[in-house]
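>>> Got a predicted structure plus its sequence, pasted below:
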Amino acid sequence: MDVKVGVKGAARELTVDTTSTSEEVEALVRKALEDPTNLLILTDDKGRQVMVPSDKIAYIEIGEPGERRVGFGAM
């Protein structure tokens, strides 16, 4: 699962590749957003954790990783 987190005040978004399902990620996000002092903690597919304060979350995008294309032409 590919999760993108927009952070307030940051020019770039965080991207986390996780083995969690979209339902599990959504539950973590909902729990984090219940209180502005909570942390959103996501674990990537290598076991590393990313922690974002819930009051700094601008948006969350949850989706399957797309096919990576190389080159200029579509085949």
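Right, received. Where do you want to start?
>>> pLDDT weak spots in this structure?
Along the chain, segments meeting pLDDT under 70 span 65-69, 71, 73-75.
>>> in it, which spans are helices?
For the chain, the helices defined by DSSP state H cover 22-33.
>>> Break down it into its strands, ranges please.
2-7, 14-17, 39-43, 49-53, 57-63 (DSSP state E).
>>> angle of the fourth one against strand 39-43?
Put simply, strand 49-53 runs at 160 degrees to strand 39-43, going by axes from the mean of the first three to the mean of the last three Cα atoms, to 10 degrees.
>>> Ile60 touches Val5, doesn't it?
Yes. If you go by Cβ atoms under 8 Å, Ile60 and Val5 touch, sitting 5.8 Å apart. Placement of C-beta: from N, CA and C, glycine included.
>>> what's the span of stretch 27-40, first residue to last?
10 Å (Cα to Cα, to the nearest Å).
>>> Now do it: distance to the chain's middle.
Put simply, stretch 27-40 sits 13 Å off its chain's centre (Cα atoms, centre = their mean, to the nearest Å).
>>> buried stuff in that stretch?
Buried residues in stretch 27-40, counted by 16 or more other Cβ atoms under 10 Å: 28-29, 32, 40.
>>> Looking at the residues you listed, spot the one nearest Thr15.
Each of the buried residues of stretch 27-40 was scored against Thr15 by Cβ to Cβ, and Leu40 proved nearest at 14.0 Å.
>>> nearest spatial neighbour of the closest one, skipping sequence neighbours?
Ala32 (3.8 Å; Cβ to Cβ, 6 or more residues apart in numbering).
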